[in-house]
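Novice: This is a predicted model, with the sequence first.
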Number of protein chains: 2
Amino acid sequence: MSARILDGLSLGRLIQEEIKPEISAFSNQYGRQPCLGIVLVGDDPASEVYVRNKLKVAAGVGFRADLERLQSSTTLKEVLSVVERLNQSSVHDGILVQSPLPKAMGPEAAQAVFDKIMPSKDVDGFSPTNVGLLVQKRPSFVACTPAGIIELLLREEIPIEGQRAVIIGRSDIVGKPMATLLLHRNATVTVCHSKTVGLSEVCRQGDILVAAIGRPGFVTTDFIKPGATVIDVGMNRVTDPATAAGLLGEDHPRLALFRQKGSVLVGDVHPRVIDIAGAMTPVPGGVGPLTIAMLMRNTLNAAQIHVSDIT
Amino acid sequence: MSARILDGLSLGRLIQEEIKPEISAFSNQYGRQPCLGIVLVGDDPASEVYVRNKLKVAAGVGFRADLERLQSSTTLKEVLSVVERLNQSSVHDGILVQSPLPKAMGPEAAQAVFDKIMPSKDVDGFSPTNVGLLVQKRPSFVACTPAGIIELLLREEIPIEGQRAVIIGRSDIVGKPMATLLLHRNATVTVCHSKTVGLSEVCRQGDILVAAIGRPGFVTTDFIKPGATVIDVGMNRVTDPATAAGLLGEDHPRLALFRQKGSVLVGDVHPRVIDIAGAMTPVPGGVGPLTIAMLMRNTLNAAQIHVSDIT
């Protein structure tokens, strides 16, 4: 038996297609495109890739996307003033500050910046107000990765209500909002983390298992209830040949890619889990494209809120 | 074997004693007592009892407590304007609006009122900002009942880290903040509710079991892992003699009380659970007094924040 592959790439594209007519209707009605302001501080290579991808998708669906690029020597105060300008801007509907911020800005900088984004433009859903509204099951901007996972489960008609859902990882960006969203959909939700005792046994109780820990191939077959739906949020770049071969297996087609490029992206879930899971997201092409699709949907919502606030 | 009884009444009093010197120091330093504004709308008999109790404890520890009493015919707009006045007040440090509000005000009224309370005076921790800050593990006002339960577990030296904690109920006031607090203390947390399948089996995984559902004696011995710590948040008034006798047993001392008063308070946990649990909170005298003690601590914190904002 081999798990059904949950194709996030196709669903991400489908969601983009679905929102295009609304974006175009917005642009016609208000004489301007919905606009996302992206703030990128410094020159982290991974952030460059993420931001480029967001800009490309945004343009593709019909948004205007403005990139505010700041040098890594920028102070927190300067970043906050850029955010404040975007808050006040009548054309910017959504604001996204790419993390991580440069280490020199200190460990509290990212949250200080997220706090500064006005909740009605906070398309990443990281401000405390949006987090609180989500917990209270009220309209809010929901963090894009867990929102995308719910969308995937719904579209793939994977039951949630009454199912045991187990989440590994308790980050503010994935684990915690994921738990809240699954709870709102009536799953019985368990959150695991680095201090969990008997982790594989707890995970084996999951009809739905979400892995968001950032350790390549950590979730092995013994974590999996046979037939479970496994969602892999990890995006780990593996550069060690032995690790890559150990994870992918000697005959894996992506090992050729590794030999060519010197690195390969591997999720938190071991590839062999495919033999025991009922359904599974691939890495890449699983959760990643859904995250971006949800960002687009949040931006459209922000634009609609923005014009209704003004008019 | 009989469970150790976790005496919330004594601990509640101890916490009151602990904060008295701080309250008195505050009053000396600032020439006024810390002040809690309580808004009571209508004439719900249970609310009358709760508010009277809060006023009494507040006075006992050295607070000024102002009761704003509004008729049940009051409009939402009027309640909001009272809250706004308390928000602006330089002497009121904390604000509490007793729920439930009169039904005629509509189902959204309570949250609209909680939203109006400024986060720095929101001693109940019900505003979305405080809920979000709690989830993000940042300083915030935490809902008093779950905060009191954590305090009890810590003082009784009941381990939390690495333990399985199971919560029955997912209310904004108890279940959800309880899950967050236990997660922050490194428990592996499962939230159950009305749609949970195999509830008793899931509950039996809990080293710590918190019941907050509002159904008298619902949690029976088959829900309990032998030796588990059982926290009973329920406060159900039972008036039917057969139900009371069935729950308490014919030889229970509180059955005499029932015969005398015509009603008895019973928790969500069946009294016979005492035979299998390792430790257990009684009803009454368990979680209730801790809730009030935490309200007092939150009010003191609010006062300290208030003066630091002004000075």
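Specialist: Yes, it's here.
Novice: can you pull the buried residues of the helix or strand bottoming out on mean pLDDT in chain A?
Specialist: Each helix and strand of chain A was given a mean pLDDT (mean pLDDT, DSSP states H and E); the minimum falls on helix A:253-261 at a mean of 87. Neighbour counts over helix A:253-261 (16 or more other Cβ atoms under 10 Å in any protein chain shown) mark A:254-255, A:258 as buried. No exception for glycine: its C-beta is placed from N, CA and C like everyone else's.
Novice: Nearest to chain B, out of these: which one, please.
Specialist: Checking these against chain B with Cβ to the nearest Cβ, the nearest one is A:Arg254 at 33.3 Å.
Novice: tell me the contacts of A:Val219?
Specialist: Under the criterion of Cβ atoms under 8 Å, 6 or more residues apart in numbering or on different chains, the contact partners of A:Val219 comprise A:168, A:203, A:209, A:211, A:230, A:232, A:268-270, A:273.
Novice: what sits opposite it in the beta ladder?
Specialist: Partner residues in beta bridges with A:Val219, using DSSP bridges, are A:Val269.
Novice: got a list of what the closest residue to chain B within the stretch 201-311 of chain A touches?
Specialist: When scored by Cβ to the nearest Cβ, the stretch 201-311 of chain A has A:Val202 as its residue closest to chain B, at 6.2 Å. When the contact criterion is Cβ under 8 Å, 6+ apart, the partners of A:Val202 are A:166, A:190, A:192, A:196, B:164, B:188.
Novice: How is it assigned, secondary-structure-wise?
Specialist: Using DSSP: H, G, I helix; E, B strand; the rest coil as the criterion, the local structure at A:Val202 reads helix.
Novice: Give me the pLDDT for it.
Specialist: If you check A:Val202, the pLDDT there is 98.
Novice: how close does it sit to B:Thr190?
Specialist: Applying Cβ to Cβ, to the nearest Å, the value for A:Val202 to B:Thr190 is 9 Å.
Novice: Next: A:Asn53.
Specialist: Taken as Cβ to Cβ, the spacing of A:Asn53 relative to B:Thr190 amounts to 36 Å.
Novice: Who has more neighbours out of the two?
Specialist: Neighbours of A:Asn53 and B:Thr190, each counted by other Cβ atoms under 10 Å in any protein chain shown, are more numerous for B:Thr190; the result is 28 against 13.
Novice: Do I have it right that that one meets B:Ile168?
Specialist: No - using Cβ atoms under 8 Å, B:Thr190 and B:Ile168 do not qualify as a contacting pair, with a distance of 9.7 Å.
Novice: how near is the residue nearest to A:Ile310 when sequence neighbours are not counted to chain B?
Specialist: Nearest-residue entry for A:Ile310: A:Ser90, 7.2 Å, with adjacent residues in sequence omitted and distances by Cβ to Cβ, 6 or more residues apart in numbering or on different chains. Using Cβ to the nearest Cβ, to the nearest Å, A:Ser90 is found at 26 Å from chain B.
Novice: quick one, phi psi at A:Ser90?
Specialist: phi -80, psi -20 (degrees, to the nearest 10).
Novice: re earlier: what residues are shared contacts of A:Val202 and B:Thr190?
Specialist: Shared between the contact lists of A:Val202 and B:Thr190 (criterion: Cβ under 8 Å, 6+ apart) are residues A:190, B:164.
Novice: So which bits of chain A are right by chain B?
Specialist: Within chain A, the positions adjacent to chain B are A:111, A:127-133, A:135-136, A:138, A:161-164, A:170, A:172, A:176, A:179-180, A:183, A:186, A:188-193, A:195-197, A:202 by Cβ under 8 Å from any Cβ of the partner chain.
Novice: among those residues, which ones are buried?
Specialist: When the residues of chain A next to chain B are checked against 16+ other Cβ under 10 Å, the ones flagged as buried are A:111, A:127-133, A:135-136, A:163-164, A:170, A:172, A:176, A:179-180, A:183, A:186, A:188-193, A:195-196, A:202.
Novice: Export the least confident helix or strand of chain A to PDB, keeping only CA atoms.
Specialist: What follows is helix A:253-261 as a C-alpha-only set of coordinates in PDB (Å, rounded to 0.1, in the frame of the first residue of the first chain):
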ATOM      1  CA  PRO A 253      14.800   9.800  -8.100                       C
ATOM      2  CA  ARG A 254      15.500  12.900  -6.000                       C
ATOM      3  CA  LEU A 255      18.900  11.600  -5.100                       C
ATOM      4  CA  ALA A 256      20.000  12.300  -8.600                       C
ATOM      5  CA  LEU A 257      18.800  15.900  -8.100                       C
ATOM      6  CA  PHE A 258      20.900  16.000  -4.900                       C
ATOM      7  CA  ARG A 259      24.000  14.800  -6.700                       C
ATOM      8  CA  GLN A 260      23.500  17.500  -9.300                       C
ATOM      9  CA  LYS A 261      22.700  20.400  -7.000                       C
END
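Novice: Other residues contacting the helix or strand just after that helix?
Specialist: Next in sequence after helix A:253-261, counting helices and strands by DSSP states H and E, comes strand A:264-266. Outside strand A:264-266, the residues that touch it by Cβ under 8 Å, 6+ apart are A:216-217, A:234-238, A:244, A:247-248, A:254-255, A:257-258, A:283-284.
Novice: I'd like to know which of those is nearest to B:Ala143.
Specialist: Top of the list for closeness to B:Ala143, among the contacts of strand A:264-266 and by Cβ to Cβ, is A:Gly234 at 33.4 Å.
Novice: Compute the first-to-last residue distance for stretch A:61-78.
Specialist: By Cα to Cα, to the nearest Å, the extent of stretch A:61-78 from end to end equals 31 Å.
Novice: Please give the centre-to-centre distance between stretch A:178-193 and its chain.
Specialist: On the basis of Cα atoms, centre = their mean, to the nearest Å, stretch A:178-193 is displaced by 17 Å from the centre of the chain it belongs to.
Novice: Between its first and last residues, what's the separation in that stretch?
Specialist: 14 Å.
Novice: and it, what's its mean pLDDT?
Specialist: Per-residue pLDDT values across stretch A:178-193 average out to 98.
Novice: So which residues of chain A form helices?
Specialist: A:8-30, A:45-61, A:76-88, A:109-116, A:128-135, A:144-155, A:175-184, A:199-203, A:241-248, A:253-261, A:287-310 (DSSP state H).
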